[in-house]
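# structure for the following, please:
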Amino acid sequence: MDFSYPIEPGLYVIPRNYEWHSLATMRKNIDRYSFIGIGQETDGMLGFFDGVNEHGFAAATLYFEGYADYDLPHAQKEPVASLDFLHYLLGRCQSVDDVIPLVEKVRIVGVPDPVTQKAAPLHWIATDRSGKCVVIEQTKRGLEVIDNPIGVMANSPDFHWHVTNLRNYMQLSTTQEKEVHWGDVSLTPFGQGAGTTQLPGGFTSPERFVRTAFLKTHVHMPDDQTETVHTCFHLLNSVFIPKGIVMTDRGTMDYTKYVAFMNTHTCTYYFKTYENNQILTANLWNYDVNAPHPLYLGSIQYPAAV
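The predicted structure follows:
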C-alpha cells in the first residue's frame, strides 16, 4: 500500500452484526460477517484498505486517479461512498460470486475524506478460497465487475488497459537463447536472465503491473506454508517504493507504507511495514467475532495484540 499523505493505518477486527452508518446516506448498515482488515480512523471516519472475512472472501482497494467516475446518472440504486465500499463488500460477500448481484444494486459516490480533503478515486480487487478473482471499477463506462485471471491489480489506467499492455511484453521469458546468428555473427547471452531484459524496472503503475504479473505467473510456489508466505513477500519487494524515489508535485514522498497478504483458507493476515521488516501475523479466529464492538489491535507499526 503506497501513499503520499501522512496516515497511521491500524489493524481491526470487525465483528458479526456490527452496525455502522453510511457516509453517503447516513443510513445504518449491518455487517453479516466478521472480518479482519487494515484501515484508518480519522475524525470518526473508519475506512479500510484491505481485509479478509470469515468466509475467506478478501478484497483490497487502490487509488484510481483520473479514471474513477462518481458523476454517473443517479439510477434507483443505493449510493455507497468509495471510502465505504471495501467495508461494504467484506461485510456482505461470502465469495466472489456474491459481488455481481451486490454491485448491481449500488452506485459508488464520492465523499471527501479527512486526509486528502477530496473524494478518494478508488477501484477494488476481490478474491476468495476458490481462487476466482475480479476487479471492480466505476468509470465513464459505468460500474463493472471484471474477471481477473492474472490476479494482479495496480493503479491507473483501468484494468482493461493494463491487460492489453501485457501484449507488449510477450517476449519476456524465464529462459534465454543459447546462441543466435546475425548473418555470420554469433551472439550469446552474457549470462542467466537474458529473457527478462525487457522487464520494466520503474515505479509507474503500468511498469509495476507488468513486473508483478510476470513474477506472479512464473515464480516457483513452494508447498510449505511458511515458504509460500516468504515467496509472496519476495514478489512484492520488486515493486516496493523506498522513500525519496517517487516525489509528488506537492513535494511529498510517495512510498510503500506496508505490504500485506491474506490466507483466505485460514483468515490469517501477514504484513510488514516500511519501518519494520519483520513479518507480523494476525488470525481472525483468535478474536471474538461476536464482540459488541470492533477490536482495534493497534497501529500496524507497533500492533499490540498480534
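# could you list everything the residue positioned nearest the centre of the chain pairs with in the sheet?
Centroid-nearest residue in the chain: residue 60, 3.8 Å away (criterion: C-alpha atoms, centre = their mean). When bridges are called by DSSP bridges, residue 60 pairs up with residue 50, residue 125.
# pLDDT weak spots in the stretch 201-306 of the chain?
Applying pLDDT under 70 to the stretch 201-306 of the chain picks out residues 302-306.
# cool, the stretch 51-200 of the chain as well?
For the stretch 51-200 of the chain (pLDDT under 70), the answer is 72-75, 115.
# let's see it at 80
71-75, 113-117 (pLDDT under 80).
# just to revisit the earlier point, my guess is the residue nearest to the centre of the chain meets residue 123, correct?
No. The criterion here is C-beta atoms under 8 Å, and residue 60 misses it with residue 123 at 10.0 Å. C-beta: built from backbone N, CA, C; applies to glycine.
# any shared contact partners between those two?
Common neighbours of residue 60 and residue 123 (criterion: C-beta atoms under 8 Å, 6 or more residues apart in numbering): residue 153.
# what about residue 160, which SS state?
helix (DSSP: H, G, I helix; E, B strand; the rest coil).
# got it, and the one 5 residues further on?
Classification of residue 165 using three-state DSSP returns helix.
# surely it meets residue 213?
No. With contact defined as C-beta under 8 Å, residue 165 does not count as touching residue 213 (9.8 Å).
# of the two, who's got more company?
Taking other C-beta atoms under 10 Å, residue 165 and residue 213 do not tie; residue 213 has more neighbours (21 against 15).
# give me the element the more buried one is part of.
Assigned by DSSP states H and E, residue 213 falls within helix 205-218.
# export that helix as PDB, just CAs?
Output in PDB follows, covering the C-alpha atoms of helix 205-218 (Å, rounded to 0.1, in the frame of the first residue of the first chain):
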ATOM      1  CA  SER A 205       1.700   1.800 -12.300                       C
ATOM      2  CA  PRO A 206       2.000   0.200 -15.800                       C
ATOM      3  CA  GLU A 207       5.500  -0.900 -15.100                       C
ATOM      4  CA  ARG A 208       4.700  -2.400 -11.700                       C
ATOM      5  CA  PHE A 209       1.700  -4.200 -13.100                       C
ATOM      6  CA  VAL A 210       3.800  -5.900 -15.800                       C
ATOM      7  CA  ARG A 211       6.600  -6.700 -13.300                       C
ATOM      8  CA  THR A 212       4.200  -8.200 -10.800                       C
ATOM      9  CA  ALA A 213       2.200 -10.100 -13.400                       C
ATOM     10  CA  PHE A 214       5.300 -11.700 -14.900                       C
ATOM     11  CA  LEU A 215       6.800 -12.700 -11.500                       C
ATOM     12  CA  LYS A 216       3.500 -14.000 -10.100                       C
ATOM     13  CA  THR A 217       2.900 -16.100 -13.200                       C
ATOM     14  CA  HIS A 218       6.400 -17.700 -13.300                       C
END
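# give me every residue that touches residue 18.
By C-beta under 8 Å, 6+ apart, the neighbours of residue 18 are 30, 31, 34, 91, 293, 294.
# same question, residue 193
Here residue 193 is in contact with residue 176 (criterion: C-beta under 8 Å, 6+ apart).
# measure the residue nearest to the centre of the chain to residue 258 for me?
Distance check for residue 60 against residue 258: by C-beta to C-beta, to the nearest Å, it reads 12 Å.
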